[in-house]
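# Can you look at this prediction? I've put the sequence above it.
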There are 2 protein chains.
Amino acid sequence: MTQPKTASTVQNSVGKTQAQRVAASDKAMLDAAMALILENGMDGTTLAAIGERAGYSRGLATYRFGSKAGLFREVSGNIQRHWSDYLNAAVGQDSGIDALCNAASAFHHFVLEFPQEIRVLHILYYGGASPNSDVRGLAKQAFSRQVADAERWVEDGLASGSIRKDVDPRSIAAQYVAHIAGLTYIWLLNPGDIDFTRIHQDFIRTLRERLAA
Amino acid sequence: MTQPKTASTVQNSVGKTQAQRVAASDKAMLDAAMALILENGMDGTTLAAIGERAGYSRGLATYRFGSKAGLFREVSGNIQRHWSDYLNAAVGQDSGIDALCNAASAFHHFVLEFPQEIRVLHILYYGGASPNSDVRGLAKQAFSRQVADAERWVEDGLASGSIRKDVDPRSIAAQYVAHIAGLTYIWLLNPGDIDFTRIHQDFIRTLRERLAA
DNA sequence: GGTTACTTGCTTGTTGACAACAAGTATTCT
DNA sequence: AGAATACTTGTTGTCAACAAGCAAGTAACC
């Protein structure tokens, strides 16, 4: 294993265009990174291990992502894009209570369909609770946007009269996001302890009861 | 600064009993640890920095806590004990909806009164979202107990007839804890963004509406 | 279409920071 | 006094980050 590792050691890295080489290594690196974060968390994941797990050298991860922070940025950006598309497809042009409920359902389905991505994403985001953490900005931005979305939905519902007048959009939005984030956190800690589907149905029902005009 | 640092360099470390020496250093170390975790997070806090901030050598933190994991255990244990006493004082022998509401209010007051302790505690707990994290077990245990407490309160309320019959204690308990944890997380990320008092009042009201028999 | 210059992808060498531990010194206790 | 405990200093191994180099691909020119 100490023999010099040339690019040709790696499957399919010769006779390809540069673009193909990068695409291949990039995918392998991101897959390896996600797998290692799931196994060992952020701290336990080393840049060297990512490169080697992906079938390259210990140095490639640093070269590709620049730093550990860059790696986390890349990974979270990828997953977030996926979730964002999924959410938009589910919510579309809805607003008011329907938008809130559809978004919650979309999250519920996403968790069932891509549990690993959600796990990785939240491992990263909860790491952002630490000050000076490299992912803090990412987490902040993600949650701010979620709250802003929810707030907008509630405001639209108020404007159209489908939501009762005595609620505060900002407060509802914060509670809505907190509910989902908190539940996901508990699930992350103790996957078997949470009956996600039951709680989700409960939540949807309560939301409608509480907000309906 | 490179001169040998003997214990007598430290204020009040000579002419005291061993017990007093330990008590003094222990307090200084824990204070330093909390301050540094608040400033730099878990990753950014080094055992050496804790010792030196506390006015001792770079080695004392390792000697005292055994390892970084041991340090976190100690810090979280201390804060948790404080919160636990605070909670018991507030909830007492209450059960049912009153217990849930009083516990939520106690948390609200604790956050206002000891924001730094809550910040540190949750920085540690959210770090537990990472697998193989040293604090994972602590976080798991803490949240399990919170859910169990809430579940018991709901069950008592069901038994005494003060809570409506069609709710699932486990589901309610999980949502209750998720609400508080999620809200705290968002507050940790963006302290100014959350109107804690308003949301708390909202929450209490909703809780009563939703659970009252 | 073949040789040469250049660019880009990737690897290896090295440094500094830090946790962890071992071995030492200082202070108190009996 | 010496034993025990509190604390400090020396050292090792791991890892992120960076620097320097090698190899494969691409383009310019003949």
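Here it is on my side, so go on. Not measured: the values here are computed from a predicted model.

# Any part of the strand or helix carrying residue A:109 near chain B?
Mapping residue A:109 onto the secondary structure by DSSP states H and E places it in helix A:96-113. No: looking at helix A:96-113 against chain B by C-beta under 8 Å from any C-beta of the partner chain, there are no contacts, and the closest approach is 12.4 Å. In this view, the C-beta of every residue, glycine as well, is placed from N, C-alpha and C.

# Report the mean per-residue pLDDT for that helix.
Helix A:96-113 comes out with an average pLDDT of 97.

# same question, stretch A:36-51
Averaging the model's pLDDT scores along stretch A:36-51 yields 92.

# Which of the residues in it are classified as buried?
Using 16 or more other C-beta atoms under 10 Å in any protein chain shown as the burial criterion, the residues of stretch A:36-51 that qualify are A:36, A:37, A:38, A:40, A:41, A:42, A:43, A:45, A:47, A:49, A:50, A:51.

# just checking, the last one touches residue A:57?
Okay, so that is residue A:51. Yes: here residue A:51 lies in contact with residue A:57, judged by C-beta atoms under 8 Å, at a distance of 5.4 Å.

# picking up where we left off before, so what's the gap between the helix holding residue A:109 and the chain middle?
How far helix A:96-113 lies from its chain's middle: 14 Å, per C-alpha atoms, centre = their mean, to the nearest Å.

# by contact count, what packs against the helix or strand following that helix?
Secondary structure here is assigned by DSSP H and E; on that basis, the next helix or strand after helix A:96-113 toward the C-terminus is helix A:115-127. Judged by 3 or more C-beta pairs under 8 Å, 6 or more residues apart in numbering or on different chains; DSSP states H and E, helix A:115-127 is in contact with helix A:18-40, helix A:68-91, helix A:96-113, helix A:136-160, helix A:169-189, helix B:115-127.

# Make TSV out of the ones you listed and add distance to DNA strand D.
Rendered in TSV, the data for those read as follows (distance: least, C-beta to the nearest atom of the strand, whole Å):
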stretch	distance to DNA strand D
helix A:18-40	4
helix A:68-91	4
helix A:96-113	28
helix A:136-160	15
helix A:169-189	22
helix B:115-127	16
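
# Of those, which is nearest residue A:127?
Nearest to residue A:127 among those is helix B:115-127; the distance by C-beta to C-beta comes to 6.7 Å.

# what's the angle between that closest one and helix A:169-189?
Comparing the axes of helix B:115-127 and helix A:169-189 via axes from the mean of the first three to the mean of the last three C-alpha atoms, to 10 degrees yields an angle of 50 degrees.

# so how far is helix B:115-127 from its chain's centroid?
Going by C-alpha atoms, centre = their mean, the spacing between the C-alpha centre of helix B:115-127 and its chain's C-alpha centre is 6 Å.

# What are the buried residues along it?
By neighbour count, and taking 16+ other C-beta under 10 Å as the criterion, the buried residues in helix B:115-127 are B:117, B:118, B:119, B:120, B:121, B:122, B:123, B:124, B:125, B:126, B:127.

# list the contacts for the third one?
Taking C-beta atoms under 8 Å, 6 or more residues apart in numbering or on different chains as the definition of contact, the neighbours of residue B:119 are B:38, B:188.

# try residue A:51
By C-beta under 8 Å, 6+ apart, the residues touching residue A:51 are A:29, A:32, A:57, A:58, A:59, A:60, A:61, A:62.

# Now the phi/psi pair for the fourth one, please.
Dihedral angles of residue A:58 (phi, psi; degrees, to the nearest 10) stand at phi -60, psi -20.

# nearest residue to it other than its sequence neighbours?
In space, and not counting its chain neighbours, residue A:58 is closest to residue A:48: 3.7 Å by C-beta to C-beta, 6 or more residues apart in numbering or on different chains.

# Just to check, the one you found is in contact with residue A:61?
Yes: the pair residue A:48 and residue A:61 qualifies as a contact (C-beta under 8 Å) at a distance of 7.1 Å.

# circling back to that earlier point, other residues contacting the helix holding residue A:109?
Residues from elsewhere that reach helix A:96-113, judged by C-beta under 8 Å, 6+ apart: A:83, A:86-87, A:89-91, A:94, A:117-118, A:149-150, A:153-154, A:156-157, A:160, A:162-163, A:176, A:180, A:184, A:187, A:196-197, A:200, A:203-204, A:207-208, A:211-212.

# now the angle between helix A:169-189 and that helix, please.
Between the axis of helix A:96-113 and that of helix A:169-189 there is an angle of 10 degrees, by the same axes, to 10 degrees.

# what pLDDT does the closest residue to residue A:169 other than its chain neighbours get?
Nearest in space to residue A:169, with sequence neighbours left out and distances taken as C-beta to C-beta, 6+ apart, is residue A:154 at 4.0 Å. The pLDDT attached to residue A:154 in the predicted structure is 97.
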